[in-house]
Every structure is written in C-alpha cells, then in structure tokens.
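S.K.: here is my input, please return the structure:
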Amino acid sequence: MDYTRKTREGLIEELNDLQKSYNELKEQFDVDLSLLKLADEKFSKSEEKFRKAFMTSPDSININRLSDGLYVSINEGFTKVLGYTEEEIIGKTSVEMDIWVDMESRDHLVKEIKRIGRVEDLEARFRKKDGGIIFGLMSAIIIDLDGVPHILNVTRDITHIKKTEETLESERNLLRALIDNMPGRIYAKDTNCRFIICNQSLVKRMGRSDQSEIIGKSDLDLLPPELSEQYFRNEQRILKTGTAQIDYEETMGNIDGTLRWSRTSKIPIKDSSGNITGIVGVGYDITEQKRRELESQVLFEIIRGITTTSNLDELLKLIHNSLGKVIYAENCFIAMHDPETGLFSFPYFVDKFDTTPSPVSMGKSCSAYVFRTVKPLIFSKDVFNELERKNEVELVGSPSPSWIGVPLQTPSRVIGVLVLQHYEKENIYSERDLEFLTSIGNQIAITIERKKAEEEILLKNQLLEVVNAEKDKFFSIIAHDLRGPLSAFVEATQILIDDIQNMTANETRDIAIAMKADATNIYRLLENLLEWSRLQRGVMEFNPKTLNLSKIIGTGIDSVLGTAKTKGINMEIIVPDGIDITADKHMIESIVRNLVTNAIKFTPRNGKVTVSASSDQENYVEIRVSDSGIGMTPELKGKLFRINEKTSRPGTEGEPSSGLGLLLCKEFIEKHNGKIMVESAEGKGTTFCFAIPVKTERQLDEDKT
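M.R.: So this is what the prediction gives:
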C-alpha cells in the first residue's frame, strides 16, 4: 500500500506542476515568442512524461469529467484490471457500465471530491467486464483540463491482499475457535509470566467468566500461593534456559483451592532474532485418569491387604491409609452395629478432635441415619439442615462442614458405617467419591465379617486348646486325689483279708471307721465331679424358687455337723429368720456344704467356724463362712477357682482335698448372677463370702410394673 500511495502522490504532484506551469505560460502569453516557444517545449516534454507514466502504470488510471462522470481517458492498467477497452468505456459513465458494486462508495467519492477536492485510500469493490469482483484501493483529485474540472482516479487492485487478509482472518478465527473450544488449557505468557492469550478452558478452570479477567495477570494473582509460586519458578526456569518441557505431569489448581492433575507442555517463544519473548503452554486435565489409576491402585492394595493381613486392626489401618491417596480421609471412623445390644462400637477411629467413643446407640446421628436408611450420603450444610428440620438427624460430636458416610453392607445385612469428614472446608466430597467409597465399603464389610469369623474361630480354637489343657490337668489332679483314698481303702481291705482272724474287735472297728471315712471322701469327690460334669455339659437344671435363707443354710450344714463335732469345732450360725431369696435349693445347699466342709477341714481341733448372712438395700444377700484355721499363703489364694491349678492340700488331720468343691461353688454362684470372694492370711484363718441377688431380674421387672 505504501508503494501505491507513493506512486499515486508522485503522479498527482507532477500533474499539479504541469497545471501550474501551463497556467504560468498562459499568463505570460504576450512575452517574447522565443520564451513562449521554450515554454511550449517544456510543457510538451512534461506532458509526454505524464502521458508515459499515465499509460504504463500497472494501476488502473482513469479521467472522468466532474460534471457528468463521463470517462475521457483510461490507461492500459484500467483495461488489464477491469477488462474494458477505450472504445468500450470512453464517453460512458461508471454507473452506466455498472462498475461500482457498492454505490455507497461511489457516492462517498463524489461527495468528498466536491467537498475538499480529493479522496485518499478509499477501499471499494468493482465489477469487471466479465462480472468478476475485485477490491480496489482508490485515490482521486480534481484536475483542470482546458478549463474544465475533471477527476483523476488511481486505483490499485488489492484483491489478492484482501483475499489473503480474509484467509488470514478466517484462519485466525478458526484457530481462535479451535483454541477456545479445545478441552485442554491453551495460553501464552510474556517474560513476566503474565497471560497474553488464554482459551475458554483455562478461563473456566480459573473460575472466571471472561478472558479479560485473566489477560494481563499472572498465576500469582489468580491461584493459591503454593501453586502459583511453583508455576512461576518453573516458567522462569524455561525462560532462562530456553529449554521446553514436553508432556509432563503437574498438579493443577482451581480457584476454589481443589487440586487436579494436568499433562502439560511449555515451550519458549522466540522472535526473529532468537530472543525469548514468552512461553506458550498446553495442558490437559488428566484428573479422571489419575483418579482411575489411584482407585485401581487402592483397590489392589486393599485386596492384597485382605489376603495378606491377618489382624483386623492392621487391615483397617491399611485401608484408611489407602483411602487417603484418593480422597481426603484424615478423619475416619468405622462404626459397627451390635444387633443384640443395638449399640455401635468403633473398632477403628481416627479424628483430629474427638476421642474414640464407648459403645453408644448413636441416636439420630448422621451415621445412624446412613445405617438406618442403607443409603450412601454426602452431608452438606443444606442436606443436614433439611434432615434436622424433619427430625431425622441431630448433631453428635464436633460439627464438620464436609461429611460423607456409606453403609458397610454384606450380602445378608448391614453391619455398620464408614465415615470420612473435614472440619475446615465445605463441599470437598463429590458423587464420584461416594461411588468409590460405596464399592470400598462393601469390600470392607465382607472383609470385617470374614476376619471376625476367622478371629472368632481362632479364638475358639485357642480357648478349646486352653480348656482341654485345663481339663487334662484337672483330671490329672482328680485322679491323684482319688488315688490316695482309694489306695488306702484297698490297703485296709487287704489287711482285713490277711489278718482279720488275728485282729481284735477294736482293731477291726478302727479299720472299718477308716474305710468309711475313705469311702465318704471318695463319694463326695465323685458326687462333686458328677455335678461339675453336668454343669459343664449344660444338663444340670436350674430351678430358682422362693426359699427361706435360714432354713436352706441349716439344711446345707446338717450333713457336716457330725464332722465338726468329731474335731471339736465350735459351729456358730448367725442368720436372720426373715430373709427370703429366689434361688436353686440344691445349688445353695451344695455351696454352703462345700464351704463349711472346707472350713472344718482346715481348722484345727477346738477351733471355730461361723456362718452368717445379711441383706442390703441393693437386692443382694451376703453369706459369709469364716474359720479360725490355718489360712492360706497369697500364692495359694491366687490359684483358687482355677481348674488347671493344683490347690488341694491335706486338712489339719490329714483330710483329703481336691479343690473341686470350690470350683462348683463358683459355678453355682455365677449361675445365680452372684460373685464369690475370699479373705485369708496364713495362720489367721479364712473367710469365704458370696453374694447373690435376693430376686431375679424378672421379679424385679414385675415389681416395677
């Protein structure tokens, strides 16, 4: 365009000079003829020069009469550009030849020519002889030919330039459309890392509504410091080194502070001199891809943990750590429901503020709601308020603006709830998180059931091994205790067989008395053993009835009074008459008999045994059997009531003892929901005390109603 303007201005200037010269010559017409001839020669040369330039110019040049617009002259450029010859165009107007495509442009030309005498750089469309359309850049001035004003038009064909511009504009628009509509983030930054270009994807990711909110700003103005500073350092390194970074992964921030992942390329921009002027970047959000990868990794870790980790606590900790790789899980707990008690316990509980709760009903907590409805749920503030308004939930524990819970569901039932929560930020959990946790929750539920079953089986096996070992030792003890009196009984019978003919009546009587004592001890041992066996097998009947405590204690003592009298033991009974209890008659008698028998056995001659009873206001009656006997060492006292410990020892006069009677007493007392205690010191006697409820729980409930 500069070249065209320069050529056109040169022609106009020459025309003006010629016009001026011509006028001067006319004014000096009366001068010397020689001067006039000289002037004519000069004018002729100038005119020839003008005509030569006029005819050979590649631009379209035409002269039209100002008054009516008739063409009076055209050059070869006019013919080449528009296709009309002199014969076809001279004496006609542009309107008549339908050369102007846009008449508004022609009207503007005429108006300006008449107003100021010239027009410069008027772009217009012209119609060629063959009907084709060209774009022209026109300039025009008024010239005087023989005293008549004419318009001199110089027009350059700029069709190819316009088409190039249109092509460039079309390509620019296409590129802009592609950039703006591509899912990836596309941008360019200057050397200060300020945005000079950005697409709609980046605008959306930044949480803005328009590119104008981003252009001219840097990440430092738009993102949290921990991310923006990281981006700035990275881009400054690229600007300094000129080294591109291609297809690498980086974290990508949103305006809301949430973190995503991007696969990014950043390339330095260089000018024609090779100087770095900025950076162009392309980034694609790969958060979903990373999420899928992490979810697969977490599922693999959990499945591997299920197969390799035998301890449930360790497995739950592993699951918690794995979940934290995908979703915010700093505060995490598992609530397990006990169908028998209706309470929730917490086998796993990690929380910034709250401590592990004891088993609770959980009432209308969010966890209880998820358990009750069997629906995974994200509790936002609005959701919680709505359910609270409907009296479905209430706040339990520290409030958290973000809360997510899923039921732990096995194929047969719901066993509990898995909960994650955030105490600072709102709405950090998504539906995607809910789906993921639900799938994990089902696996956790099945795993917990399986692990609990395995642990229960393992525990039962261990208990069975312990019980079997204890019973083996117990029977070994019983066999030892049976062997003594039986051996003595056999020896006595052998003496009778061998020497009865030579024995006196008193000797025979003494052996008979000893044999009776051995037989009685064996009988009592076998009777206790039988009762203990029936208890262990669960075939002993438990028939509580209302009994007078004084009478039942008296019955239990009657059978051992003879033994006490033989040893000179003073028996003292202190039992009020008015106490009634609901108990099994046979068991209470057996308890009293065994405790009194032991007291007599370990009390020296002329000692004292006291049986007393009292009741309190807490529905309990307490029976105490005290003696002035030999007492027990702390070691022996600690072994009482243990089936696998040998606690038998001979009485003060060699009476046998198995320890089985005390085991029976403990079993019978616990059958009545009671407890037994012992107080003893070596050489200072022993007191056995047991307490049982006066009434059964059923009777107490009936009393309340």
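S.K.: pLDDT weak spots in the stretch 151-300 of the chain?
M.R.: Scanning the stretch 151-300 of the chain with the threshold set as pLDDT under 70 gives 252-259.
S.K.: let me see the ranges of the strands in it.
M.R.: Ranges of strands within the stretch 151-300 of the chain are 185-190, 195-198, 245-253, 259-270, 276-285, based on DSSP state E, counting those that start in this stretch.
S.K.: with mean neighbour count added, can I get the ones you listed in JSON lines?
M.R.: From N, CA and C alone the C-beta is placed, and that goes for glycine too. JSON lines is the format used below for these (neighbours: other C-beta atoms under 10 Å):
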{"stretch": "strand 185-190", "mean neighbour count": "19"}
{"stretch": "strand 195-198", "mean neighbour count": "20"}
{"stretch": "strand 245-253", "mean neighbour count": "15"}
{"stretch": "strand 259-270", "mean neighbour count": "17"}
{"stretch": "strand 276-285", "mean neighbour count": "19"}
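S.K.: now do stretch 134-146, average pLDDT.
M.R.: For stretch 134-146, mean pLDDT is 90.
S.K.: distance between it and the chain's centre?
M.R.: On the basis of C-alpha atoms, centre = their mean, to the nearest Å, stretch 134-146 sits 78 Å off its chain's mean C-alpha point.
S.K.: shouldn't G659 be in contact with M632?
M.R.: No. Taking contacts as C-beta atoms under 8 Å, G659 lies outside contact range of M632: 12.0 Å.
S.K.: what touches both of these two?
M.R.: Jointly contacting G659 and M632 under the rule C-beta atoms under 8 Å, 6 or more residues apart in numbering are L640.
S.K.: and Q236, how many neighbours?
M.R.: 14 (other C-beta atoms under 10 Å).
S.K.: correction: the previous question concerned R649.
M.R.: 14.
S.K.: for the stretch 551-700 of the chain, just list every one of the helices.
M.R.: 561-566, 585-601, 634-639, 660-671, 697-704 (DSSP state H, counting those that start in this stretch).
S.K.: among these, which is nearest S648?
M.R.: Nearest of these to S648, taken as C-beta to C-beta: helix 660-671 at 8.5 Å.
S.K.: kindly export that closest one (C-alpha atoms) in PDB.
M.R.: Extracted in PDB, the C-alpha atoms of helix 660-671 (Å, rounded to 0.1, in the frame of the first residue of the first chain):
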ATOM      1  CA  LEU A 660     -13.200 -79.300  93.100                       C
ATOM      2  CA  GLY A 661     -15.700 -78.200  95.700                       C
ATOM      3  CA  LEU A 662     -14.600 -74.500  95.300                       C
ATOM      4  CA  LEU A 663     -15.000 -74.700  91.500                       C
ATOM      5  CA  LEU A 664     -18.500 -76.000  92.000                       C
ATOM      6  CA  CYS A 665     -19.300 -73.200  94.400                       C
ATOM      7  CA  LYS A 666     -18.000 -70.600  91.900                       C
ATOM      8  CA  GLU A 667     -20.100 -72.100  89.000                       C
ATOM      9  CA  PHE A 668     -23.300 -72.300  91.200                       C
ATOM     10  CA  ILE A 669     -22.800 -68.700  92.500                       C
ATOM     11  CA  GLU A 670     -22.300 -67.300  89.000                       C
ATOM     12  CA  LYS A 671     -25.400 -69.300  87.800                       C
END
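S.K.: would you mark the buried spots in it?
M.R.: The neighbour-count check on helix 660-671 (16 or more other C-beta atoms under 10 Å) flags 660-669, 671 as buried.
S.K.: residues contacting the residue nearest the centre of the chain?
M.R.: Geometric centre of the chain, nearest residue: I327, 2.8 Å, by C-alpha atoms, centre = their mean. Each residue near I327 by C-beta under 8 Å, 6+ apart is listed here: 420, 429, 433, 436-437.
S.K.: what about it, which SS state?
M.R.: At I327 the chain is in coil, as set by DSSP: H, G, I helix; E, B strand; the rest coil.
S.K.: is it true that C366 touches F379?
M.R.: Yes. With contact defined as C-beta under 8 Å, C366 counts as touching F379 (5.4 Å).
S.K.: give me the common contacts of these two.
M.R.: With C-beta under 8 Å, 6+ apart as the test, C366 and F379 both reach 403, 405.
S.K.: now do A124, the pLDDT please.
M.R.: Per the predicted model, pLDDT is 93 at A124.
S.K.: cool, and F78?
M.R.: At F78, pLDDT is 93.
S.K.: surely it meets Y84?
M.R.: Yes. With contact defined as C-beta under 8 Å, F78 reaches Y84; the gap is 6.9 Å.
S.K.: buried subset of the contacts of I327, written for ChimeraX?
M.R.: Buried residues among the contacts of I327 (16+ other C-beta under 10 Å), as a ChimeraX selection:
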select :420,429,433,436,437
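S.K.: show me which of the contacts of I327 is closest to D616.
M.R.: Using C-beta to C-beta, the contacts of I327 come closest to D616 at L420, 50.1 Å.
S.K.: which strand residues bridge the closest one?
M.R.: Taking DSSP bridges as the rule, L420 bridges to C332, I404.
S.K.: show me the contacts for it.
M.R.: 323, 327-329, 331-332, 403-405, 429, 437.
S.K.: remind me which residues of the stretch 601-705 of the chain are low pLDDT?
M.R.: In the stretch 601-705 of the chain, residues with pLDDT under 70: 617, 643-644, 646, 658, 696-705.
S.K.: check the stretch 351-500 of the chain too.
M.R.: Those would be 455, 463, 465-488, if you go by pLDDT under 70 across the stretch 351-500 of the chain.
S.K.: and the contacts of I327 as CSV, adding secondary structure?
M.R.: Shown next, in CSV, are those (three-state DSSP):
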residue, secondary structure
L420, strand
Y429, coil
D433, helix
F436, helix
L437, helix
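S.K.: ok so, going back, most tightly packed of the helices of the stretch 551-700 of the chain?
M.R.: Comparing the helices of the stretch 551-700 of the chain by mean neighbour count (mean count of other C-beta atoms under 10 Å), helix 585-601 comes out on top with a mean of 23.
S.K.: packing partners for it?
M.R.: helix 505-537, strand 544-548, helix 549-558, helix 561-566, strand 608-615, strand 620-627, helix 660-671, strand 686-693 (3 or more C-beta pairs under 8 Å, 6 or more residues apart in numbering; DSSP states H and E).
S.K.: that one to strand 544-548, inter-axis angle?
M.R.: 60 degrees (axes from the mean of the first three to the mean of the last three C-alpha atoms, to 10 degrees).
S.K.: tell me what angle helix 585-601 forms with helix 660-671.
M.R.: 140 degrees.
S.K.: what's the angle from helix 585-601 to helix 549-558?
M.R.: Using the same axes, to 10 degrees, helix 585-601 lies at 50 degrees relative to helix 549-558.
S.K.: one step back: between the helices of the stretch 551-700 of the chain, which one is nearest to G274?
M.R.: For G274, the closest of the helices of the stretch 551-700 of the chain is helix 634-639, at 92.5 Å, according to C-beta to C-beta.
S.K.: now do that closest one: distance to the chain's middle.
M.R.: 54 Å.
S.K.: extract the CA atoms of it and return them as CSV.
M.R.: C-alpha atoms of helix 634-639 as CSV (Å, rounded to 0.1, in the frame of the first residue of the first chain):
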residue,chain,number,x,y,z
PRO,A,634,-1.0,-65.3,98.9
GLU,A,635,0.3,-67.7,96.2
LEU,A,636,-2.3,-70.4,97.1
LYS,A,637,-5.1,-67.8,97.4
GLY,A,638,-4.3,-66.6,93.9
LYS,A,639,-4.7,-70.1,92.5
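S.K.: by contact count, what packs against it?
M.R.: Checking 3+ C-beta pairs under 8 Å, 6+ apart, helix 634-639 ends up next to no helix or strand.
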